[in-house]
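Trainee: Any chance you could fold what I've pasted below:
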Amino acid sequence: MANHYDREFKAQAVQLVLTQQKTGAQVARELGIPSKTLYAWVAAYKADPVEPFVGSGHLKAEDQALRDLQRRIRDLEEENAILKKSDAHLHQRSEVIFRFIHEHRFTFSITKMCQILDVSRSGYYAWCHRPPSTRAQARARRVERIRAVFTTSGERYGSPKITAVLRREGERISQKTVARLMHDHRLRSRVTRKYKATTNSRHTWPVHENVLNRTFSADRPHAVWMADITYIPTEEGWLYLASLQDLYTRKIVGWAVDRRMTQDLVIRALDRAVIHSRPPAGVLHHSDRGSQYAAAAYQERLQQYGMTASMSRKGNCYDNAMIESWHSLLKKELIYLTKFRTRAEAEVAIFAYIEIFYNRQRIHSALDYQTPAEADAAYHARYG
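Mentor: Residues are numbered from 1 along each chain as shown. Model (predicted):
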């Protein structure tokens, strides 16, 4: 079955190459696409990061001039931001500069940082692959143990309690050291989590009956899709994730992110699911009664795709338990273990989790310990 990729998927795949220590060939293999295809996407993005993947048409002269000006302004803004961040590192030895570049690799271009800080890219990458010293290895072991205690506590323990736990285990360490390592690795205690509502059922849009009625099983792919919205905290603010999950394969067939929770967010997720999966008419689409899903624009899109709408009963979260369970899994395995500085950083991590790990690598007991992609392939190999 031919694969189809939308602009968002291409851009997210490119960001995975540009922001992680992986080769293009490795990312392509993990995403299940030809290397030459991914390299073509990377080239298209580098040629025009503002509007990549828009076709091969030529811009008018004045449009091209505006595009060049916007690109130059963006470059100057990035250079200024790098200089502000790196002021204390400008006259440091190379190792300190390389550490700064590594810590900010998700925020700024590695090439740009190397140019401004007057170090070579090859030197930076050699530093990345250099075996750590004995002292660095000991420090890394301490950090991992601190992180483990912090995670086990539900991210509730601060440096005093973590120090106490480590000392009970026989570790000779001061609270000052624990506090410094926690600060360096952005491990901040949070006694309570902010709750962000994602369902607004107080609207005037028509709602549909609960056709699914908690029948959380299907006999084929694309018989039932479950839809829901969740939220991810970043230092820039909330990032909202709209997801669609196939009930038979457990695969996340479509998803989209945005800083606002709107009709456009859920429509983009639905469009991506249809572009990628090309489902036959007759999919049962189940969601909660939120205004985004009940809105006329979204319901018209479902009709356009030949889908039947089903909605949870009012105030009954168990009617949409499957996709809500998946969002809980995402938070447990990724979100709660990561401090995202920017929404863009969170988006890259979510893309890698869904498109590489969850859909293609994570086995599922309900699928006889197959991955969602394997379950989908096995069905089509057997039934066509």
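
Trainee: Please make it C-alpha for all contacts and neighbour counts, starting now.
Mentor: Will do.

Trainee: And the pLDDT at Leu212?
Mentor: For Leu212, the pLDDT comes out at 84.

Trainee: which element is Tyr243 on?
Mentor: Small correction: residue 243 is Ser, not Tyr. Assigned by DSSP states H and E, Ser243 belongs to strand 237-246.

Trainee: Rounded mean pLDDT for stretch 326-336, please.
Mentor: Per-region confidence: stretch 326-336 scores 89 on mean pLDDT.

Trainee: same deal with stretch 261-270?
Mentor: The average of the pLDDT scores along stretch 261-270 is 92.

Trainee: what comes into contact with that stretch?
Mentor: Residues outside stretch 261-270 that contact it (Cα atoms under 8 Å, 6 or more residues apart in numbering): 198, 240, 242-244, 254-258, 292-293, 295, 297-298, 301.

Trainee: For Ala366, state which of those residues is nearest.
Mentor: Using Cα to Cα, Leu244 comes nearest to Ala366 of these, at 18.1 Å.

Trainee: Which among the contacts of stretch 261-270 count as buried?
Mentor: Using 16 or more other Cα atoms under 10 Å as the burial test, these include 198, 240, 242-244, 254-258, 292-293, 295, 298 as buried.

Trainee: what's the closest of these to Asp184?
Mentor: Using Cα to Cα, Tyr240 is the member of the buried ones among the contacts of stretch 261-270 that sits closest to Asp184, with 27.4 Å.

Trainee: so Arg7 touches Phe53, yeah?
Mentor: Yes - contact status for Arg7 versus Phe53: in contact at 6.2 Å, counting by Cα atoms under 8 Å.

Trainee: Identify the contacts common to those two.
Mentor: Both Arg7 and Phe53 lack any common contact, where contact means Cα under 8 Å, 6+ apart.

Trainee: How is this structure divided into domains?
Mentor: Per the record, the chain has its domains at 7-47, 61-129, 134-185, 224-383, by the TED database.

Trainee: What's the end-to-end length of the first one?
Mentor: Between the opening and closing residues of domain 7-47 there is a gap of 15 Å (Cα to Cα, to the nearest Å).

Trainee: follow-up on the earlier one: of the domains of the chain, flag the one that's most buried.
Mentor: Greatest average neighbour count among those goes to domain 224-383 (a mean of 19), per mean count of other Cα atoms under 10 Å.

Trainee: How far off centre is it?
Mentor: 12 Å (Cα atoms, centre = their mean, to the nearest Å).

Trainee: Which SSE is immediately downstream of the worst-scoring helix or strand of the chain on mean pLDDT?
Mentor: Ranked by mean pLDDT, DSSP states H and E, the weakest helix or strand in the chain is helix 61-86, scoring a mean of 58. Using DSSP H and E, the next helix or strand after helix 61-86 towards the C-terminus is helix 94-103.

Trainee: Show me what that next one is packed up against.
Mentor: Contact analysis of helix 94-103 by 3 or more Cα pairs under 8 Å, 6 or more residues apart in numbering; DSSP states H and E lists helix 110-116, helix 121-129 as its packing neighbours.

Trainee: tell me the angle that helix makes with helix 121-129.
Mentor: Per axes from the mean of the first three to the mean of the last three Cα atoms, to 10 degrees, the angle that helix 94-103 makes with helix 121-129 is 80 degrees.

Trainee: Quick one: mean pLDDT over helix 94-103.
Mentor: In this model, helix 94-103 has an average pLDDT of 77.

Trainee: For the stretch 151-300 of the chain, give me the ranges with low pLDDT.
Mentor: Within the stretch 151-300 of the chain, the ranges that satisfy pLDDT under 70 run 154, 156, 190-205.

Trainee: quick one, helices of it?
Mentor: 159-168, 175-184, 263-277, 291-294, 296-304 (DSSP state H, counting those that start in this stretch).

Trainee: Ok, which of those helices comes nearest Ile363?
Mentor: Each of the helices of the stretch 151-300 of the chain was scored for nearness to Ile363 using Cα to Cα, and the closest is helix 263-277 (20.4 Å).

Trainee: returning to what we had before: now, which of the contacts of stretch 261-270 sits nearest Glu144?
Mentor: Glu144 has its nearest neighbour among these in Tyr240, at 29.5 Å by Cα to Cα.

Trainee: contacting residues for the closest one?
Mentor: Going by Cα under 8 Å, 6+ apart, the list of residues near Tyr240 reads Ile229, Thr230, Tyr231, Ile232, Val257, Asp258, Arg259, Arg260, Met261.

Trainee: gap between the closest residue to the third one other than its chain neighbours and Arg382?
Mentor: Right, Tyr231. Nearest non-adjacent residue to Tyr231, counting by Cα to Cα, 6 or more residues apart in numbering: Tyr240, 4.4 Å away. Tyr240 sits at a distance of 37 Å from Arg382 (criterion: Cα to Cα).

Trainee: same thing with Asp258?
Mentor: Using Cα to Cα, we find Asp258 at a distance of 38 Å from Arg382.

Trainee: next one: Tyr157
Mentor: 51 Å.

Trainee: Now the closest residue to Glu374 other than its chain neighbours: phi and psi?
Mentor: Distance criterion Cα to Cα, 6+ apart; nearest residue to Glu374, sequence neighbours excluded, is Arg360 at 7.4 Å. Here is the backbone geometry of Arg360 (degrees, to the nearest 10): phi -110, psi -20.

Trainee: Verify the stated contact: Arg360 with Thr371.
Mentor: Yes - counting by Cα under 8 Å, Arg360 touches Thr371, with 5.9 Å between them.

Trainee: For the nearest residue to Gln299 once chain neighbours are set aside, list the residues it contacts.
Mentor: Nearest non-adjacent residue to Gln299, counting by Cα to Cα, 6+ apart: Tyr293, 7.1 Å away. Contacts for Tyr293 (Cα under 8 Å, 6+ apart) come out as Gln263, Val266, Ser287, Gln299.

Trainee: ok, what's across the strand from the third one?
Mentor: Beta bridges link Ser287 to Met311, judged by DSSP bridges.

Trainee: Could you report the distance from it to Leu367?
Mentor: If you measure Ser287 against Leu367 using Cα to Cα, the figure is 23 Å.
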